[in-house]
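Trainee: predicted model and sequence below, questions to follow.
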Amino acid sequence: LTLVIAGGGFAGAELAGALNDFSRGILADYPNLRPEELRVILVHSGARILPELSESLSHYAQQSMSARGVVFKLNARLVDTRPGVVVLGMGEEIRARTLVWTAGTAPNPLLKTLAVERDRRGAVMVESTLAVPGHPGLWALGDCAAITNAKTGKACPPTAQFALREGQVVARNICASLRAKPLQAFHFESLGALCVVGHHTACAELSVPGARQKSVRFSGLLAWLMWRSIYLSKLPGLERKVRVVFDWIIELLFPRDIVQTIDLH
């Protein structure tokens, strides 16, 4: 009943909050289990979770999750795993059978077979137009590319809102290259970030239109409702939207429906 999540970014924090809510919500179906037996532990190498957000929102998220039972191991690194044991730095061991890794990703190993320049992470180096230097007609974007914002000079994060805009720029540049027209350099400023930390609670940091260096920060139920609204708006098809809305309403009114599988062998 110990769940360990490695990584305190968006994926790790959202997963820890969701697993904690789900697990504690079904304890009523297992009267032989005590709440203190369940442990959701988040291991993060930094001094605070959600380093992508402001310090105030990060602390709010940690306090909110801690109040619901999530245990944090900050300034700690996961160095080894063995059957039934997760090993942290300084030799600390956590007895657990479930480990989820969210502490960073690596590009697809297929990139190693290509004769292109890559960065330390293994991502393909690209020009500001997202073209691969030295390889006419070859383009890279998304998680597999090391992209620099043409305006700020900073590295672009491998997130969906950046990848979508990168795809649009690549499409325009492919058309422009076929017509021998100038190529467009990639530039995009983040619209903001939303992170759900469980139990109808979220953190939001949204950029101000026309002044992207400034942001609006808020948290709680309002941020959670905004996250759900944006999520719903991006689902394709009216039928799917309606199904999801009904699922969310049922989830608010009734406990989760669970299934236990038993291995007879």
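Mentor: Arrived safely, thanks for sending. Residues are numbered from 1 along each chain as shown.
Trainee: where in this protein is pLDDT low?
Mentor: The chain contains residues with pLDDT under 70 at 210-213.
Trainee: so how far is the helix or strand harbouring Ile230 off the chain centroid?
Mentor: Per DSSP states H and E, Ile230 falls inside helix 221-233. The chain centre lies 16 Å from the centre of helix 221-233; the measure is C-alpha atoms, centre = their mean, to the nearest Å.
Trainee: buried residues, it. List them.
Mentor: By neighbour count with 16 or more other C-beta atoms under 10 Å, helix 221-233 contains the buried residues 223-224, 227-228. C-beta here means a position set from N, CA and C on the backbone, and glycine is covered the same way.
Trainee: so which of these comes closest to Thr113?
Mentor: Trp227 (38.8 Å; C-beta to C-beta).
Trainee: hmm, Cys203 and the closest one touching each other?
Mentor: No: with contacts counted by C-beta atoms under 8 Å, Trp227 stays clear of Cys203, the gap being 9.2 Å.
Trainee: find residues that contact each of these two.
Mentor: With contacts defined as C-beta atoms under 8 Å, 6 or more residues apart in numbering, the residues shared by Trp227 and Cys203 are 194-195.
Trainee: tell me how many other residues crowd Arg48.
Mentor: Residues lying near Arg48 (other C-beta atoms under 10 Å) number 16.
Trainee: ok, which stretches of the stretch 51-200 of the chain are strands?
Mentor: Applying DSSP state E, counting those that start in this stretch to the stretch 51-200 of the chain gives strands spanning 70-73, 78-82, 85-88, 93-95, 98-101, 124-125, 145-146, 192-196.
Trainee: need those in JSON lines (columns: distance to Pro51 and mean neighbour count).
Mentor: Output for these, formatted as JSON lines (distance: least, C-beta to C-beta, whole Å; neighbours: other C-beta atoms under 10 Å):
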{"stretch": "strand 70-73", "distance to Pro51": "14", "mean neighbour count": "20"}
{"stretch": "strand 78-82", "distance to Pro51": "17", "mean neighbour count": "13"}
{"stretch": "strand 85-88", "distance to Pro51": "19", "mean neighbour count": "17"}
{"stretch": "strand 93-95", "distance to Pro51": "23", "mean neighbour count": "14"}
{"stretch": "strand 98-101", "distance to Pro51": "18", "mean neighbour count": "15"}
{"stretch": "strand 124-125", "distance to Pro51": "25", "mean neighbour count": "20"}
{"stretch": "strand 145-146", "distance to Pro51": "20", "mean neighbour count": "22"}
{"stretch": "strand 192-196", "distance to Pro51": "11", "mean neighbour count": "20"}
